[in-house]
Every structure is written in structure tokens, then in C-alpha cells.
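>>> Have a look at this prediction, sequence included:
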Amino acid sequence: MERYLYIFIISIFFLCICLVCNGCMKIYDRFSVGNDVIGNVTRGDNTRGINISKELTLTYDPSCDVKSLDIKDQPDSTIQIINNTTEDFFHVFITSNSIHKIWTKVGGNGAIEDPVDWTYINPNTQAGITWSPLGAEIASQIIIPKNGNIVLLNPMKYIDPGPGNPVSASAIFKVIPMRLKTDNIFKSTDEIQKNKNTLIYTQEPITIEAGEGAVADISAVNGINYNVEYELTSIDANQINKIKKMTIKKNPCLGLNQEYKLNIGCHSPFIVDCKEFTDGIDSHASCECKSNTQNCKFNKCSESLFNITPKLEIYKESYDGGKPDEPVKLFINAPINLKDGSQQKKYCDDLQDDSGDFKAYCYDYNDVGSSPTLMSPYKIKITYSEL
């Protein structure tokens, strides 16, 4: 009798979820879907189950997927993330500037955990807990079911910095998609440190870095692991409100040589090609600039990537002086100057071809057409799919 009362209570609870949150679940008594179990998630052909007691399994029914919102219908200061991949549960990490700045779910059928401070360093051992490819970030893990979405309220609101001043770095956040070998939330730092190889595929996430009132670019500088359609509220050249949209229409990893390939996706080729150089201040960058300036010169990496014109060759040996002309930076900015037939040129062409209102960065100084600004009402919509 007790067991059936338990089933009744659980049934009512998840009926409420279905009605209020548009979720859709099924409960089975003494039944488990499939036989491949990872952590607390049971795999099946068309469903995923979570064991909620010794004899009960809760499963997600993909036939009741939540429909995504038009960006115009999102609340102000929100980000909508959509799982259009083939993964039953898709993982994204979103960063905060503080452990106390918590992204709030306001819609969709995804789930988000409280932030974890992966920047922490043990004062006794000086050992850090950061892990790749996330990096040293304060980040919340998001899990979204296939064809589902999540809508999040940004806790870091726009504060007017005053005329001519940049938006504070404390308002900037990153959205980092990641393919994992588990469907579970990372609950402890120990889990990451002890199981990196079994939990995480090698990949270089395509990353959105944005802030209200700030540049909101999308970067495949280190590489790419997913296809992305990215929309945001912005302004046009005449300062008129406009929803800008960028779509990656080709797989930039196709046709690249094997040394650039990863378990998921690929490196941007210059990351591999320039790591052997040791000259100058930043030998792995596509050009060398003095700290916090636009005063630059070409380096070995520049020479390997670009067709440097004869009149600019003087800047192989000396800095160009920076503003107002900035000849080195302006030359490096444009991927049209990459060597024809090179792996980097192919990667950039496929990544940026017919992408829409702006482009994803394909190498470090690729600024041309790659820097939209997130403007009021501060809405972002991101749809992920496989390359």
C-alpha cells in the first residue's frame, strides 16, 4: 500500500511539471528502459530514465518536446539556448563574475546548476581545480534534453559606464558548449580531476563572449565543436535597433588534415601551425603587438599564414607605430590576406561563408565583421547542432 501511495505522489508531482513547465515524463513501476546505465541515467532507444527509487524509473519522453521561442518573445535580459543536436542531453556551461551571481531559469525544459568556482586554488598545496576545455571560470552547468531549450535571466545587468568608457569586464559572460561522455551534473571537483579522460572528449568549444551593452562575439579561434545559429538584439550602422543573426552553414573541419582533427570537431589550424614558433613577445599569435597597444609587427606565425605584401615587409623587423594607421593589424584582421590554398584559409572560408549579419572569429586578430554589440532589450538566442 505504501509503495502505491508513493507512486501516486510522484505521479501528481510530475503531472504538475507537465502542466506548469511543459515538461513530459513517464513513470514505470519495476521497469527500466534499456540496459546501458551511466551514473543515475538509464539509456534506452527513444527515452532516458532517471532512477528515483529502487523500483521506479522516471523517463523523458521526446515526443513532448518544448518549442523554442522567437527571440522577440523572450523576456528582456535573457538568453535562450536550444538543443538541436542528436544528443538526448546536451551540456553547456555559462559563466558568472561571482559565485553569488546565479543565472535564473525562467522558461524551457532544461536544467541549470548553481555556479562552481573552478578558479579555486588550494592554499595549502597551491593546486588548482581548473579543467580543460572549460578553463579557470566560475560556471554553471546546463543540461538540455533533445529538441528542448532553456531560457535564463542574466544576473549581470547593464550599468552605464559613462561616455567613452567600456562596459565593465565584471558584466561579461561566456557560453561554452561541450560534448561529455556522461549525462550527469558534475557535482564535485574530485569527479573532474580523477576522471578527465573518461568524462570529457577532446574538443575546442566554439564560445560566445558577451555582456549587456558590450561586444557579443562568437569565437572559433581555438577551434569548433558544434554548429551554431546565433541571434541577438543589437543596432545597425544608423544606431537603429536590429536583431542580428549569424549561422554557420558549412563544417569547417571537413577536408582539414588529420593533425587538426579532434574527438569532436577540430582546431583552428593556426593553433597547431604556430605552436612551434618561439620568437618575440607572443610567438603563437598571428602577429606581435606591444602590451595594451595596437603597435604591432609581423612574426614567424604571420609569415606562415599570410601573403605579406612587399610594402609591408618592413614591419617584419620593426613595429608599425600603431594608431592612426595600424597597417599590420589592419592587414592581419582580414582573412582575405591568408595564403590561398592553406588549411587556415579553408577553415575561415567555410566557417564564415554566407553567415549573415556578422561572422565568427576564425583566428585571434580576425576582427573584420566579427564584433556585434548586445543592446537593449539584451536578448540572445543560441541554437546548437552537430557540425
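Thanks, I have it.

>>> all helices of the protein, in order?
Chain-ordered helices for the chain, with DSSP state H as the definition, fall at 2-21, 189-194, 196-199, 269-273, 300-305, 327-333, 343-352.

>>> Mind telling me which of those the model trusts least?
Sorting those by mean pLDDT places helix 2-21 lowest, at a mean of 55.

>>> residues near the closest residue in space to residue 144 that isn't next to it in sequence, how many?
Of all residues beyond its chain neighbours, the one nearest residue 144 is residue 110 (3.7 Å), with distances taken as Cβ to Cβ, 6 or more residues apart in numbering. The way it works is simple: take the backbone N, C-alpha and C, and place the C-beta from them, glycine included. Residue 110 is surrounded by 23 other residues when neighbours are defined as other Cβ atoms under 10 Å.

>>> Then residue 350?
Other residues near residue 350 come to 19 when the count uses other Cβ under 10 Å.

>>> again, but for residue 308
Once other Cβ under 10 Å is used to define contacts, residue 308 is seen to have 18 neighbours.

>>> how far away is it from residue 119?
Here the distance between residue 308 and residue 119 works out to 39 Å (Cβ to Cβ, to the nearest Å).

>>> doesn't residue 151 make contact with residue 107?
Yes - using Cβ atoms under 8 Å as the test, residue 107 is close enough to residue 151 to be in contact (3.5 Å).

>>> Overlap in contacts, those two.
Both residue 107 and residue 151 are contacted by 69, 75, 78, 80, under the criterion Cβ atoms under 8 Å, 6 or more residues apart in numbering.

>>> Sitting in strands, which of those residues do you find?
Among these, DSSP state E puts 78, 80 in strands.

>>> Selecting buried members of the shared contacts of residue 107 and residue 151 in PyMOL, what would you type?
Paste this into PyMOL to select the buried members of those, with burial taken from 16 or more other Cβ atoms under 10 Å:
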select buried, resi 69+78+80
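
>>> Among the shared contacts of residue 107 and residue 151, which one sits closest to residue 160?
If you rank the shared contacts of residue 107 and residue 151 by distance to residue 160 using Cβ to Cβ, residue 78 comes first, at 20.3 Å.

>>> Relative to residue 149, how far out is that closest one?
11 Å.

>>> Give me the common contacts of these two.
Both residue 78 and residue 149 are in contact with residue 107, where contact means Cβ under 8 Å, 6+ apart.

>>> residue ranges with poor pLDDT in the stretch 51-200 of the chain?
51-65, 164, 187-189 (pLDDT under 70).

>>> before we move on, the earlier item: so residue 107 and residue 151 - more neighbours on which side?
residue 151 (23 against 20).

>>> Quick one: residues contacting that one.
Contact partners of residue 151, counting by Cβ under 8 Å, 6+ apart, are 69, 74-75, 78-80, 105-108.

>>> Same check on residue 379?
With contacts defined as Cβ under 8 Å, 6+ apart, residue 379 is in contact with 71, 74, 76-80, 232-233.

>>> What are the buried residues along stretch 162-182?
Neighbour-count burial for stretch 162-182 flags 167, 171-180, 182 (criterion: 16+ other Cβ under 10 Å).

>>> hang on, the earlier thing: could I get the contacts of residue 379 as a markdown table with distance to residue 207?
Converted to a markdown table, the contacts of residue 379 look like this (distance: Cβ to Cβ, whole Å):
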| residue | distance to residue 207 |
| --- | --- |
| 71 | 20 |
| 74 | 21 |
| 76 | 24 |
| 77 | 20 |
| 78 | 19 |
| 79 | 14 |
| 80 | 17 |
| 232 | 15 |
| 233 | 20 |
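
>>> Who are the contact partners of residue 306?
Contacts of residue 306 (Cβ under 8 Å, 6+ apart): 286, 298, 331-332, 337-339.

>>> So, low pLDDT: which residues of the stretch 201-350 of the chain?
Where the stretch 201-350 of the chain is concerned, nothing drops into low confidence, which here means pLDDT under 70.

>>> Next one: the residue nearest in space to the middle of the chain relative to residue 316, how far apart?
For the chain, the residue sitting closest to the mean C-alpha position, by Cα atoms, centre = their mean, is residue 176 at 2.6 Å. Residue 176 sits 36 Å away from residue 316, going by Cβ to Cβ.
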